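Enquirer: Got a sequence here, can you build the structure:
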Amino acid sequence: MGQLMNIPSRDSGIIPQVGLPPELWSAIFEHLPLRTLHDVTLTCHSFRYLAQPLLFRSLTFCPYSLDANNQRFIHRLETVQRTKHRIQFCSSVRIAHAVHECKFYPRYIVGAVLNPEIPYNMLLDILLDTLPLFVNLQSLSFMFVDLSQFQILKLCALRSLGNLFLGNCTVEHVLSLSSPKLRLANLTIICDSKNMLGNGRNGHGLSVFSPDHIRSVSIINPVAASQLLNNFIGNASQGLLQLRCLTLPCNSEVVRAFRPILHLIPELAELKFARPSQIQYNLPRDENFSLSTHLNPLKPLSKYQGPRQLLPHFVRPGALEHLNLWSTRPVSTDGSMSPLELHGALAGGDKLVSVCDPEVLKTVQMLELSVTHVDALMLHAIFIRFPILRSLYVFAARGFFPGAVTQAWDPEVYVKSFLLYFGLNCVFQMIIDALLTLPLPSTIQHLRLSSYSAGSRIGTATEDRLARRKQDLRVKFPNLSSVSLDESDIDLTWDRSKVLLHC
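Expert: Numbers count the residues shown, from 1 in each chain. Next comes the predicted model:
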């Protein structure tokens, strides 16, 4: 190895001469995992010279702490000095070019005590001054920081950035921006506290971002989303011509504000409505929510993720390939649809459920559904309405017999569980038989039925039987390469008494 390399002196700054060009060695090292890359730096001085900068492709700084009230502080002066030295090293000529990602996060430190003499954002100023040295920086993330006008102007000195993530941050509005706006490709703003948004002239200073370059925006908080729609997109002279992907909170006010300005995003291809942790009753439902249809022609979406209630208002036929559906009906607090509701949406027959346009559904290749449980009637409607389906993922919210583990030592419950065990085996056999007889499209490649609730294993004998039946599925559908039925906890909703009688 030493014969192939000439180790440079510290003062020369010359790239070491190796048997292969240094650029080729660097290209090889870039594909190595972090642990292996660390081992390479221990091989010899020349490899260390080439590989060590790659260890700093992703930087994470966690210099400040959070208390129970999300109060930010730096509790030790040593933390300041250590972080300063680390920033200085990473911004050196030898290392800075390799940095692609930088994160500035807090952490919860047990026993940390507030030190009022150390301003928590002093290190943020140092980092912002250093960012222009990271010439290949692609992604920047901040959590729980307050960005002042002065700091925002420092951020704009980057001129362009691939990804910017702001989590629970306050971004002060810049009244006068002399420097060019920051050209962003992807912007994500997540906020779970109204207090973090500021008020009056404060809040998310979206005016510093150039609307001509943004390709993706994800905003989860309704207040920040309203600011985006009303003050950013609505005031853009020509709209957001490059925006391809948009994620918004599923909130009635946000949806109503978004629909009239949809024509300002002519290239929008992916629309996602963030699914809340609990469905609120003020969200749009079939019975009380309607949207006027915009007269301007809109580009058909290729991906839609959100409640089925909004599907007719935003999705036109012809291009939809990826569909992820849930529901805002109050039957479920987590957005799961009952099989009856889903069947009504796909096949009709339910006056309270709007029917999806078959022309929209027939181009879908990947389908993700959230349901309370699974039954054969629902699966039949799915396979009829999606003729070129390649991937089907169904997530059921309820297990088969919850509580069986905690009550297993009760003799009466033990007997019932024993009977349900054999009933469960029959149910799984029935669902496999149903899949073999249902009109699955010949294009199907991936099939997954899984449950959010955990259940107990059902035994090796049954698993072996199911494995054989899965093989039967693959024989009948040669394109089917992946089958997962989550046998231990799917509720297939056949009448349990009938199941037990037939076993």
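Enquirer: Give me the below-cutoff pLDDT ranges for the stretch 151-300 of the chain.
Expert: 176-179, 192-205, 234-237, 277-298 (pLDDT under 70).
Enquirer: Which residue ranges of it form strands?
Expert: Using DSSP state E, counting those that start in this stretch, the strands found in the stretch 151-300 of the chain span residues 160-167, 170-171, 183-190, 216-219, 245-249, 270-274.
Enquirer: all strands for the stretch 301-450 of the chain, in order.
Expert: Under DSSP E, counting those that start in this stretch, the stretch 301-450 of the chain gives strands at 303-307, 322-326, 366-371, 391-396, 446-451.
Enquirer: Distance from the last one to the middle of the chain?
Expert: Okay, so that is strand 446-451. 19 Å (CA atoms, centre = their mean, to the nearest Å).
Enquirer: do the second one as well
Expert: Averaged C-alpha coordinates place strand 322-326 at 14 Å from its chain's average position (CA atoms, centre = their mean).
Enquirer: Next: stretch 255-264.
Expert: With CA atoms, centre = their mean, you get 23 Å for stretch 255-264.
Enquirer: now do stretch 42-58
Expert: That offset, for stretch 42-58, works out to 32 Å (CA atoms, centre = their mean).
Enquirer: Do me a favour and get the end-to-end distance for it?
Expert: With CA to CA, to the nearest Å as the measure, stretch 42-58 spans 20 Å from end to end.
Enquirer: re earlier: is it possible to get a markdown table of the strands of the stretch 301-450 of the chain that adds mean neighbour count?
Expert: The C-beta positions use only the backbone N, C-alpha and C, and glycine is treated the same way. Output for the strands of the stretch 301-450 of the chain, formatted as a markdown table (neighbours: other CB atoms under 10 Å):
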| stretch | mean neighbour count |
| --- | --- |
| strand 303-307 | 21 |
| strand 322-326 | 21 |
| strand 366-371 | 20 |
| strand 391-396 | 20 |
| strand 446-451 | 18 |
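Enquirer: lowest-confidence stretch among those strands?
Expert: Lowest mean pLDDT of the strands of the stretch 301-450 of the chain: strand 446-451, a mean of 80.
Enquirer: Return the list of strands paired to it, each annotated with direction.
Expert: Here strand 446-451 is paired, per DSSP bridges, with strand 391-396 (parallel), strand 482-484 (parallel).
Enquirer: circling back: would you list the strands of the stretch 301-450 of the chain in JSON lines and tack on distance to S92?
Expert: Formatted as JSON lines, the strands of the stretch 301-450 of the chain follow (distance: least, CB to CB, whole Å):
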{"stretch": "strand 303-307", "distance to S92": "42"}
{"stretch": "strand 322-326", "distance to S92": "44"}
{"stretch": "strand 366-371", "distance to S92": "45"}
{"stretch": "strand 391-396", "distance to S92": "47"}
{"stretch": "strand 446-451", "distance to S92": "47"}
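Enquirer: Out of the strands of the stretch 151-300 of the chain, indicate the one that is most buried.
Expert: strand 170-171 (a mean of 24; mean count of other CB atoms under 10 Å).
Enquirer: so which of the strands paired with strand 446-451 gets nearest R48?
Expert: strand 482-484 (42.6 Å; CB to CB).
Enquirer: Give me the residues contacting that closest one.
Expert: Q445, H446, L447, R448, L449, S450, K470, L473, R474 (CB atoms under 8 Å, 6 or more residues apart in numbering).
Enquirer: Could you do stretch 94-101 as well?
Expert: Against stretch 94-101 from outside (CB under 8 Å, 6+ apart): 52-54, 56-59, 89-90, 133-141.
Enquirer: In strands only, show me those residues.
Expert: Here DSSP state E is the test, and those give S58, L59, S139, L140, S141 as lying in strands.
Enquirer: need the helices for the stretch 1-150 of the chain, in chain order.
Expert: In the stretch 1-150 of the chain, the segments counted as helices under DSSP state H, counting those that start in this stretch are 22-29, 34-41, 45-51, 77-90, 93-96, 122-130, 149-156.
Enquirer: Export the ones you listed as CSV, with columns for mean neighbour count and distance to S216.
Expert: Shown next, in CSV, are the helices of the stretch 1-150 of the chain (neighbours: other CB atoms under 10 Å; distance: least, CB to CB, whole Å):
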stretch, mean neighbour count, distance to S216
helix 22-29, 14, 28
helix 34-41, 14, 27
helix 45-51, 18, 32
helix 77-90, 14, 27
helix 93-96, 15, 26
helix 122-130, 18, 23
helix 149-156, 18, 18
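Enquirer: could the ones you listed be laid out in JSON lines, adding distance to F314?
Expert: Output for these, formatted as JSON lines (distance: least, CB to CB, whole Å):
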{"stretch": "helix 22-29", "distance to F314": "43"}
{"stretch": "helix 34-41", "distance to F314": "41"}
{"stretch": "helix 45-51", "distance to F314": "48"}
{"stretch": "helix 77-90", "distance to F314": "44"}
{"stretch": "helix 93-96", "distance to F314": "44"}
{"stretch": "helix 122-130", "distance to F314": "38"}
{"stretch": "helix 149-156", "distance to F314": "33"}
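Enquirer: so which of those gets nearest L389?
Expert: Ranking the helices of the stretch 1-150 of the chain by distance to L389, with CB to CB as the measure, places helix 34-41 first at 38.4 Å.
Enquirer: Off-centre distance for the closest one?
Expert: Relative to its parent chain, helix 34-41 has a centroid offset of 30 Å by CA atoms, centre = their mean.
Enquirer: about what we covered before: rebuild the strands paired with strand 446-451 as CSV, extending it with distance to S207.
Expert: Output for the strands paired with strand 446-451, formatted as CSV (distance: least, CB to CB, whole Å):
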stretch, distance to S207
strand 391-396, 40
strand 482-484, 47
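Enquirer: Show me just the buried residues among the contacts of stretch 94-101.
Expert: 52-54, 56-57, 59, 90, 133-134, 137-141 (16 or more other CB atoms under 10 Å).
Enquirer: rewinding a little: dump the strands of the stretch 151-300 of the chain into JSON lines; add distance to R316 as well.
Expert: Formatted as JSON lines, these follow (distance: least, CB to CB, whole Å):
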{"stretch": "strand 160-167", "distance to R316": "29"}
{"stretch": "strand 170-171", "distance to R316": "35"}
{"stretch": "strand 183-190", "distance to R316": "25"}
{"stretch": "strand 216-219", "distance to R316": "21"}
{"stretch": "strand 245-249", "distance to R316": "16"}
{"stretch": "strand 270-274", "distance to R316": "11"}
